[in-house]
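Visitor: sharing a model that was predicted from the sequence below.
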Amino acid sequence: MKYFFFFLALALTSCTMKENVPSKTVEKPAYAIVIHGGAGYIQANNFSDENKEKYLNALDTALTIGETILKDGGSSIEAVEKTINYMENNPLFNAGKGAVFTHDGQNEMDASIMYGKDQNAGAVGGVRTVKNPISLARKVMEESDHVMMVGKGAEQFGMTQNIEMVDTTYFFVQDRWNALQNMLKSEEEKEKTRLSEDPIDTKHGTVGCVALDKDGNLCAGTSTGGMTNKKYDRVGDSPIIGAGTFADNATCGVSCTGHGEYFIRYTVARDVAALMEYGNYTLAEAADIIVNDKLKEKGGNGGLIAIDKDGNIAMPFNTSSMFRGYVTPDQKEIEIFK
C-alpha cells in the first residue's frame, strides 16, 4: 500500500509541474545563432560611445560570419567554429589574441565545443601557442578518441592536425598587460596573496556561440583566456563540458560566461538542459532559474546564451552587462547592458 501512495504522489507532482509550466509554441526558424563576448560589471555611464560602437560592430561582424554559413546550409559546427575564430582573433575579447595574462605573465587559453546531434565533444585547456583554441577543440572532438587535452600534449596533438601555431608574443596586448600590472601592484600594496575578489574582467570577457542549423542540429562552443592574474594553472568552466558548454538536440545548446568556479560546481550549462528534459520547463524559464535564482543564490556572477531545439533563444545574466547578440531569418538583436 505504501508504494501505491508513493507513486500516486509522484504522479500528482509530475502533473502539477507540467500544468504550472506552459509550453511555448512558435514557428521554428530555419536557423538561429547567438553569441556572447563575456559578462561583467561595466556601467553604461562609464562606457564611452566610441567603445560601445567598437563592440557592437565586432558583435555584428561575428554574427554575420555565423549567419552566412547557416543561411547557405552550412553546419552548426562550422558556424560556431568560424564565429568564435573571429572573436578569438579580435583583441577586444578575452580569447585568443585578446587573452588576459596569468600571474606569471603568460597567456593560457581554454576552449570547448559540443555537437547536439550525438553529444560528441572536444576541449582543450592551458594552451599557450594555439592561435585558435576552438579549432583545436573541434579537432579533439572529431579526430581523437578523447574529450579533453591540456597543455603541451594538446599543442602536440594540434601540430599533428595542422592547427595554426604562433609564438607566444602574438598574444601580447598592451592593455591586458597593464591590467595585470595594476592588479599585481594592488596585491603588493594590500599584501594580498590570493586572486582578486572580482575574478570577472570588468571590461572584456570569455566568448561563446550557439547555433541551430537547417538540419536541426545544435552546436555550442566557448573560448577564453581565463582570468587576469590567475595562478597555479587554474582552469575555469569554459573547457568543461556540462559546466561552460553543453549541447543536445533533444533540449538545447548552451555557452556560459562568468565566475567559472561557480559554473563548474553547479554544472550550469547542463542544468539548463536538465530542467527542460526532466522538468518540462521552457528554455527561457530554465535559463532564468539557473542564472537569476540558483546561481545568484550561491554567489555566482555571470550569464549564458542558449538556443533550444525549436530555435527559441535565451540570454540571461545577473551582472550589469553582457556582450551579446542573436540572429534568425526574421530577427536580429545586439546588446551590452540590461
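Guide: That came in fine, so what should we check first?

Visitor: ok, longest strand in the protein?
Guide: strand 32-40 (DSSP state E).

Visitor: quick check: the nearest residue to residue 166 once chain neighbours are set aside vs residue 236, distance?
Guide: Distances taken as Cβ to Cβ, 6 or more residues apart in numbering place residue 131 nearest to residue 166, at 4.8 Å, with adjacent residues excluded. The way it works is simple: take the backbone N, C-alpha and C, and place the C-beta from them, glycine included. Distance, residue 131 to residue 236, by Cβ to Cβ, to the nearest Å: 20 Å.

Visitor: who has more neighbours out of the two?
Guide: Each of residue 131 and residue 236 has its neighbours counted (other Cβ atoms under 10 Å); residue 236 has more, 26 against 20.

Visitor: where does the stretch 1-150 of the chain dip in pLDDT?
Guide: For the stretch 1-150 of the chain, applying pLDDT under 70 flags the ranges 1-26.

Visitor: strands along that one, start to end?
Guide: For the stretch 1-150 of the chain, the strands defined by DSSP state E, counting those that start in this stretch occupy 32-40, 109-115, 121-127, 148-150.

Visitor: re the thing from before, contacting residues for the residue nearest to residue 166?
Guide: Shown in contact with residue 131 (Cβ atoms under 8 Å, 6 or more residues apart in numbering): 88, 89, 96, 163, 164, 165, 166, 170.

Visitor: isn't the fourth one up against residue 135?
Guide: Yes. Taking contact to mean Cβ atoms under 8 Å, the distance of 6.0 Å between residue 163 and residue 135 places them in contact.

Visitor: rewinding a little: mind giving me the ChimeraX command for buried ones among the contacts of residue 131?
Guide: Selecting only the buried entries of the contacts of residue 131 in ChimeraX, with 16 or more other Cβ atoms under 10 Å as the criterion:
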select :88,96,163
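
Visitor: who's in contact with residue 58?
Guide: Neighbouring residues of residue 58 by Cβ under 8 Å, 6+ apart: 37, 87, 90, 92, 93.

Visitor: nearest to residue 284, of those?
Guide: residue 37 (21.3 Å; Cβ to Cβ).

Visitor: let's verify the residue lying closest to the closest one once chain neighbours are set aside: helix, strand, or coil?
Guide: Distance criterion Cβ to Cβ, 6+ apart; nearest residue to residue 37, sequence neighbours excluded, is residue 323 at 3.3 Å. Three-state call for residue 323 (DSSP: H, G, I helix; E, B strand; the rest coil): strand.
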